[in-house]
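> What follows is a predicted structure for the sequence shown.
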Amino acid sequence: MTKFSRRGFLAGTSVVAGAFTFGFSFPLARAQGIAGSEVTAWVVIQPDEAVIIRIARAEMGQGSLTGLAQLVAEELDCDWDKVRFELVKPGENRRRRRVWRDMATGGSRAIRGSQEYLRQGGATARAMLVRAAAEGWGVDPAQLTVAKGVITDAASGRTTTYGAVAAAAMQVAAPATVTLKDPRDWKIAGRPLKRLDTRDKLDGTLVYGVDLKLPGMLVAVPRACPVHGGKLVSFNADAVRAMPGVRHVLKVDDETVAIVADNFWRAKTALDELPVVWDEGPGAKASSATIAAMLKEGLSAETPFVGNRAGDAMAVLAKATKVIEAEYSYPYQNHAPMEVLAATARWTPERCDVWAPTQVAEAALEAVVAASGLAPEACEVNVMRIGGSFGRRLATDYVTMAVRIARQVPGVPVKMMWTREEDMAQGRFHPVTRCRLRASVGADGTIEALHMRIAGQSIGAYARPEAVAKSGDPAVFQGLNQGGAEGAFGYAVPNLLIDFAMRNPHVRPGYWRGVNLNHNAIYVECFIDELAHAAGADPLAFRRKLLAGSPRHLAVFDAVGQGIGWDKPAATGVHRGIAQIMGFGSYVAAAAEVSVTGGKLRIHRIVAATDPGHVVNPQQVEAQIVGSFVYGLSAALHGECTVRDGRIEQQNFDTYEVMRLDEMPVVEVILKPSGGFWGGVGEPTIAVAAPAVLNAVFAARGKRVRDLPLKNISLGTA
Amino acid sequence: MATLNINGKAVTIEGEDDTPLLWAIRDHVGLTGTKYGCGIAQCGACTVHVDGVATRSCVVTVGALGEEQKIVTIEGLGAERPHPVQEAWAELDVAQCGYCQVGMMMASAALLARNPNPSDDEIRAEITNICRCGTYQRVLAGVKLAAARMPNRG
């Protein structure tokens, strides 16, 4: 018997009876309450041959759940058609001494951060199942073979199945070591298999955080001070207490009030009527203009914080006859996942149970423990699948709030749900930065010297202050480092200085899909384009020369150049741009074809290439890369969160516009896994989306766009 | 209090008449396949059919609807057998997080009912729902695949 609790509908996805089968087979064992055998922590096998693979990383649409299962199933040699999944709970992980290890899902690390121990978990289970069969038959396990969960003894012609030997395998000692397959021999991993988590998304039965219902449940809708850092002074509960459905009007924390009602609409309606007095604090004086001025000052200030240095860029630039200089900026962005933030909590003096979508289940559990005032053993987080997150749920603010509300309504489950307007106001925003770049180009068409000064906000200074030095945050140099997985600068520049002046406005920053690579790639790739133009060189040929010593950067770059047909002229009125970067362990490039007609930009076609080392599910990687253009170009075309009187001005999708189907270009994806390393795929491509298009826009109109979003720029014919 | 016809059944909504249809469907009827995304008819996550027309249920109040109007949600769309749009979505693995996809499919099904063979440009113009994961390329392919499979295609 497995010790892992599988009671409750959140324990997995499986077997919701219904008319919707789509031709998939899904065993009914679990619906019938038949227990399975936990062979290893990752693998549970049931007598009917169903294979349940435990998933410890968050699934928010990025598809890693399926890839992670493929890695386990590959080494297990089970029948993929029998595979289902089950989400691990952080309290259970804690109780079992982190047998499922790190549950955090960010930085495009779900696959690359866990592939080795997952494959080992699958291989170990395989070895134990084979040994159980061998012991049953009294033969040497080495003579047995496995295919699709069927164990065969060729010598005697006998066969058995994983389902038949799983209970016995639990009693077998795990092997001390296992040998993993060469990826070239993969049969399940590496294939474009369909996702395991689709069916309930298509019939409406998937229960997201906002959909949860528990008996006797109430719904809370919060409002925090719209100026970050401000305080809640008072509210007049009497003004709304008699409104339909209202049960409680609560102070959640020093900056937040909430209405608890019998449903969302009634809570929201009352909240809209609630008189609230805020002390908005010093942040209320800030505006986009004051923040820009703060950052501009940083562009020329002294800073000791250097990310990458070679030679003596400042001395060479001081002597250069011609220095090319440009200044760029990147605005605040909101994650704006389609599912607004929500979490449900039930608190009693003895216990606190939470149901929450989260990218950091273990940190969410810590937040529950802290907010509940209870011991860790008395708390659990039931992890839910997420309706988009993009980094927003790396923060646990909403989990803490849900518990603080539930604690004031003991014994009653309370679902806390934000409005879209609250989500826009209380985001953890893509940080603002500005960048001044200065360079000189030699007669041979290479860059003699480059100084890149970034001034702006550090996410780490807010989100992980313990990890950030006083002078700066090394993560801000993503994509600009001398080496390493988090982004090696690919260009050969003999005199190079990349430094950072930290300037932190009051607006709370967060890890927004693509993080610091997004603006860094725009700064570098657009400015390199400027240098090519100034040197009278072709932007592709100019970069190729500088990338000669970075073969992996060059390989994806060349792939998009060929894919877009750079060596052939584009159609009349169509213009091209190109960009490359490395980040999140992977090498990415993009080439775009655009036209600008009557002041209107149209992005026709994009060719993207990625080398992530290994590809576990090509069609899911493709989906991530295509989706990255939607996320990156939504920001480049439309996205900006501006500040007025200290608060974010955009409150909903009418003013925070995003790309829709009418603007979607055709995206062609080239996967070039070169092996030998593991990179991420959910984020890096976002970074090349904007500069490839911005460089194409320059080609179309002969004028640079250096401040985003493009909606603010008149593209009228020059 | 209003009586509505949802997925072929008469349902009495025990709430204020200014309750948006979205919240009546989710909280009074208990069908949570229809999603809240913005509340201002921008994103389309709440799309349902009212007499066959794709309608953003977050801005239609229950008081403005009558019992004679036939409201269909995702739970009704595929009740008897999966709609061709749902089948196409499964075949192409369109969904990523899936949150917006119910609205996408409801909008697509309504489009195909009106225009069984839409061009790419028609699909691009008429499916205005927001997807933040960025599934648009597969949504476009999904609508075309469903169109090719529609049983009564003329």
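It's in. As the structure is a prediction and not an experimental result, all values here were calculated from the model. Numbers count the residues shown, from 1 in each chain, chains lettered A, B, ... in the order given.
> remind me which residues of the chain are low pLDDT?
This is for chain A. For chain A, the stretches with pLDDT under 70 are A:1-34, A:470-471, A:717-718.
> try again with chain B
B:152-154.
> For it, which residue gets nearest to chain A?
At 2.0 Å from chain A, residue B:33 is the closest residue in chain B, using Cβ to the nearest Cβ. All C-beta atoms are positioned from the backbone trio N, CA, C, and that covers glycine.
> Quick check: nearest residue in space to that residue, chain neighbours excluded?
Nearest residue to residue B:33, sequence neighbours excluded (Cβ to Cβ, 6 or more residues apart in numbering or on different chains): residue A:204, at 2.0 Å.
> Distance of that neighbour relative to residue B:99?
In this view, residue A:204 and residue B:99 are 11 Å apart by Cβ to Cβ, to the nearest Å.
> Looking at those two, which has the bigger crowd around it?
residue B:99 (31 against 25; other Cβ atoms under 10 Å in any protein chain shown).
> Where does the residue nearest to residue B:99 when sequence neighbours are not counted sit: helix, strand or coil?
Distances taken as Cβ to Cβ, 6+ apart put residue A:387 closest to residue B:99, at 3.1 Å, once the chain neighbours are dropped. Three-state assignment for residue A:387 (DSSP: H, G, I helix; E, B strand; the rest coil): coil.
> Quick one: residues contacting residue A:387.
A:60-61, A:208-210, A:337-339, A:357, B:35, B:97-99 (Cβ atoms under 8 Å, 6 or more residues apart in numbering or on different chains).
> sec struct for the most centrally placed residue in chain B, please.
In chain B, the centroid-proximal residue (Cα atoms, centre = their mean) is residue B:106; its distance is 2.6 Å. Residue B:106 falls in the helix class when you classify it by three-state DSSP.
> Tell me if I'm right that it and residue B:47 touch.
Yes - with contact defined as Cβ atoms under 8 Å, residue B:106 counts as touching residue B:47 (4.2 Å).
> where do the contact lists of those two overlap?
Common neighbours of residue B:106 and residue B:47 (criterion: Cβ under 8 Å, 6+ apart): residue B:54.
> Against the centre of chain A, work out the most remote residue.
In chain A, the greatest distance from the average C-alpha position (Cα atoms, centre = their mean) is reached by residue A:156, at 51.0 Å.
> need the contact list for that one.
The contact partners of residue A:156, by Cβ under 8 Å, 6+ apart, come to A:137, A:139.
> quick one: it is in a helix?
No - counting by three-state DSSP, residue A:156 is located in no helix; its state is coil.
> okay, now the domains of the chain?
Assuming you mean chain A. Following automatic domain parsing, one gets these domains for chain A: A:9-202, A:209-281+A:341-417, A:288-333+A:429-712.
> wait, I meant chain B there
If you go by automatic domain parsing, chain B breaks into B:2-77, B:84-149.
> count of residues packed around the residue of chain B closest to chain A?
By other Cβ under 10 Å, neighbour count at residue B:33 equals 25.
> Output the set of residues of the stretch 501-650 of chain A in proximity to chain B.
A:619, A:620, A:623, A:626, A:627, A:628, A:629, A:630, A:631, A:634 (Cβ under 8 Å from any Cβ of the partner chain).
> tell me which element the first one falls in.
Okay, so that is residue A:619. If you go by DSSP states H and E, residue A:619 is part of helix A:618-637.
> Okay, buried residues for that helix please.
For helix A:618-637, the neighbour count (16 or more other Cβ atoms under 10 Å in any protein chain shown) marks A:619-637 as buried.
> do the same with stretch A:557-577
For stretch A:557-577, by 16+ other Cβ under 10 Å, it's A:557-561, A:563-564, A:566, A:570, A:574-577.
> Not counting that stretch itself, show me its contacts.
Contacts with stretch A:557-577, where a contact means Cβ under 8 Å, 6+ apart, come from A:529, A:539-540, A:543-544, A:547, A:578, A:580, A:589-597, A:604-605, A:607-609, A:668, A:670, A:672, A:691-700.
> Most proximal residue of the stretch 201-350 of chain A with respect to chain B?
Closest point on the stretch 201-350 of chain A to chain B, by Cβ to the nearest Cβ, is residue A:204, at 2.0 Å.
> a helix runs through that residue, doesn't it?
No - counting by three-state DSSP, residue A:204 is located in no helix; its state is coil.
> Just say helix, strand or coil for residue A:307.
strand.
> thought it was touching residue A:478?
No - when contacts are counted by Cβ under 8 Å, residue A:307 is not listed as touching residue A:478 (9.3 Å).
> between the two, who's got more neighbours?
The neighbour comparison of residue A:307 against residue A:478 (other Cβ under 10 Å) goes to residue A:478, with 27 against 23.
> Residues of the stretch 101-250 of chain A that sit close to chain B?
Proximity of the stretch 101-250 of chain A to chain B is confined to A:194-195, A:197-199, A:201-208, A:210-211, A:213, A:244 under the rule Cβ under 8 Å from any Cβ.
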